[in-house]
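Q: My questions are about this predicted structure, shown below with the sequence.
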Amino acid sequence: MQQQYRLAKKEDFNKVYRFGKSAANMQYVIYYKPNAQIEHFRLGVSASKKLGGAVVRNRLRRVIKEIIRHHADDIVAKYDLIVIVRKPAVDLDYHAAEKCLLHAFKKAKMIKVK
């Protein structure tokens, strides 16, 4: 994922957690907060140690970032987003993960209406 699309600083994460809104399904939680200072969206991914070892967590992060990369044009701009991975997402293949993640984004109304 390109650097301009990353949400990396701890204070940015804390602002989104504290002042943002959330939507969830069984596999993912989406936190989102408007940010008028940017032209696009910024994404952070959080995967707890409860999900498994580093290999499992990094694989989940890579899959989520790849899904977001493919659907970047459909995601609403000028928002900071955090995706939190829940335990049921560990067992999903790519296509099921994509379907569940897009469902969570639709619940959060973060997908542009075409």
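A: Looks like it arrived, so ask away.

Q: C-alpha from now on. contacts and neighbour counts both.
A: Fine.

Q: roughly how far is stretch 77-97 from the heart of the chain?
A: Remark: stretch 77-97 is offset 6 Å from the chain centroid, using CA atoms, centre = their mean, to the nearest Å.

Q: Next, the distance between the ends of that stretch.
A: Terminal residues of stretch 77-97 are spaced 22 Å apart (CA to CA, to the nearest Å).

Q: Stretch 19-39 now?
A: Stretch 19-39: ends 20 Å apart by CA to CA.

Q: what does stretch 14-26 give?
A: Start-to-end, stretch 14-26 (CA to CA) is 23 Å.

Q: burial measure for A108, as a count.
A: 17 (other CA atoms under 10 Å).

Q: how about the nearest residue to it, chain neighbours excluded?
A: A23 (5.1 Å; CA to CA, 6 or more residues apart in numbering).

Q: Work out for me the element the one you found sits within.
A: Assigned by DSSP states H and E, A23 belongs to strand 21-24.

Q: Can I get that strand in CSV, CA atoms only?
A: In CSV, the C-alpha atoms belonging to strand 21-24 read as follows (Å, rounded to 0.1, in the frame of the first residue of the first chain):
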residue,chain,number,x,y,z
LYS,A,21,-17.7,5.9,14.5
SER,A,22,-17.7,2.2,14.0
ALA,A,23,-19.5,-0.6,12.1
ALA,A,24,-18.9,-4.3,12.4
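
Q: so what strands line up beside that strand?
A: Looking at strand 21-24 with DSSP bridges, its partner strands are strand 28-34 (antiparallel).

Q: now the strand it pairs with, how far from the centre of its chain.
A: With CA atoms, centre = their mean, you get 7 Å for strand 28-34.

Q: on that earlier part again, surely the residue nearest to A108 meets V29?
A: Yes. If you go by CA atoms under 8 Å, A23 and V29 touch, sitting 5.9 Å apart.

Q: Which residues does the strand holding A23 contact?
A: The contact list for strand 21-24, computed with CA atoms under 8 Å, 6 or more residues apart in numbering, reads 29-33, 104-105, 107-108.
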